[in-house]
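Enquirer: show me the folded form of this:
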Amino acid sequence: MSCCDGPSEQYDLSKPIDVNNKRLINCKAVDVNQLCPIKYEWAWDHYINGCANHWMPTEVSMQKDIEQWKDPNLFTDDERRVIMRNLGFFSTGESLVANNIVLAIFKHVTNPEARQYLLRQAFEEAIHTHTFQYVCESLNLDHREVFNMYHEVDSIAGKDDFVMSLTSEIMDDNFKTDSVENIQTFVKNLIGFYVIMEGIFFYSGFVMMLSFHRRNQMVGIGEQFQYIMRDESIHMNFGIDLINGIREENPEIWTDEFKAECVELIKQAVDYEIKYAQDCLPNGVLGLNAEAFDEYVKYIANRRLERVGLGAQYDGVRNPFPWMSEVIDLAKEKNFFESRVTEYQSSGNLEW
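Expert: Purely as a prediction, here's the structure:
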């Protein structure tokens, strides 16, 4: 039997593993994460890059953020709304991604080096959730208000429910990637979390929060968002490589009908994200407005669509925030362990 016969078959570990028998899904199961020989160098590279970006939120000082947040004259109500909405969305969005990795994706991705990266990503999602807990404690925010927005704010609930709808079927204990239809269902889940959640939904929030950082406001949160953005960039690139690898190994899934279905999912996501931007920016702040985000979301959606072989869908859109490219480029060069504060206080010791 070949490794295409399903994940129930076991490798004979008394014999060398043939690299040609490795597959991203539906490969022979092993009792250990048998990395060598590595077949998918891109997966291992993403793992190494993730390790190189290791950071912890408590290593970022929040003292200046606390002073600014306490100042009743520094931020308008609209500006505080932008900050709170993004904390509310990210606090639950990160945990949804983590749950999907641990409970859904890891089970069905049978390649060891890809699984090695998934383990790293799951830890990074935990760090991101830790970040928002740390921010809430530092700024003395109502934890319930922040972490419960996915129930109480329609624009956040809509995005979360949309992505979770792509998970329910593969969460079934009996689900297996043993047919064309089921592999397509699994790929839709990957598109939902890697292309839509991490590649589109998160990036609008990055622009909003880093706009404050550019004005030397909420610099602690801004620094943490820079590290989160660098993590998410690697997550998205891994996910896109995984999607492309699965469709290359299973070309029969990539039908015109399925491609049209994937395009429609991403278009729906764009609509959800535009509604979220309108909710965050009803009056515009920091030179940002909902109209600019309409174009930005479509611009990045085009880039994600092209990366997974679906082609751009929105004509005549450009990047209205060119400074974001500079932030991303700088973040790649920045050495966190050289730039971090050498003496910091935990949120419990910070003075109000």
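
Enquirer: what's the burial count for Cys51?
Expert: Using other CB atoms under 10 Å, Cys51 has 11 neighbouring residues. Just so you know, the C-beta spots here come from the backbone N, C-alpha and C atoms, and that holds for glycine as well.

Enquirer: same check on the one 4 residues further on?
Expert: Neighbourhood size, Trp55 [other CB under 10 Å]: 20.

Enquirer: kindly report the same for Gly50.
Expert: Neighbour count of Gly50, defined by other CB under 10 Å: 21.

Enquirer: contacting residues for it?
Expert: Neighbouring residues of Gly50 by CB atoms under 8 Å, 6 or more residues apart in numbering: 117, 120-121, 124, 231, 234.

Enquirer: just the element for it, please.
Expert: Secondary-structure element containing Gly50, defined by DSSP states H and E: helix 41-52.

Enquirer: name the helices or strands packed onto whatever helix or strand comes next after that helix?
Expert: Following helix 41-52 in sequence order, the next helix or strand is helix 63-70 (DSSP H and E). Contact here means 3 or more CB pairs under 8 Å, 6 or more residues apart in numbering; DSSP states H and E; on that basis helix 63-70 packs against helix 112-139, helix 219-249.

Enquirer: tell me which of the ones you listed sits nearest to Ala52.
Expert: With distances scored as CB to CB, the stretch of the helices and strands packed on helix 63-70 nearest to Ala52 is helix 219-249 (9.5 Å).

Enquirer: check which residues of the closest one are buried.
Expert: Residues 219-243, 245-247 are the ones in helix 219-249 that count as buried (16 or more other CB atoms under 10 Å).

Enquirer: what's the angle between it and helix 63-70?
Expert: 110 degrees (axes from the mean of the first three to the mean of the last three CA atoms, to 10 degrees).

Enquirer: just how off-centre is helix 219-249 within its chain?
Expert: Computed by CA atoms, centre = their mean, to the nearest Å, the chain-centroid distance of helix 219-249 equals 6 Å.

Enquirer: average pLDDT for that helix?
Expert: Helix 219-249 shows a mean pLDDT of 96.

Enquirer: now the angle from whichever helix or strand comes after it to helix 219-249?
Expert: Downstream of helix 219-249, the first helix or strand assigned by DSSP H and E is helix 256-280. For helix 256-280 against helix 219-249, the angle by the same axes, to 10 degrees is 170 degrees.

Enquirer: residues making contact with the helix or strand that helix 256-280 is followed by?
Expert: As assigned by DSSP H and E, the chain's next helix or strand after helix 256-280 is helix 290-307. Helix 290-307 is contacted by residues 195, 199-200, 203-204, 207, 236, 240, 244, 263, 266-267, 269-270, 273-274, 277-278, 281-282, 284, 311-314, 317-321 when judged by CB under 8 Å, 6+ apart.
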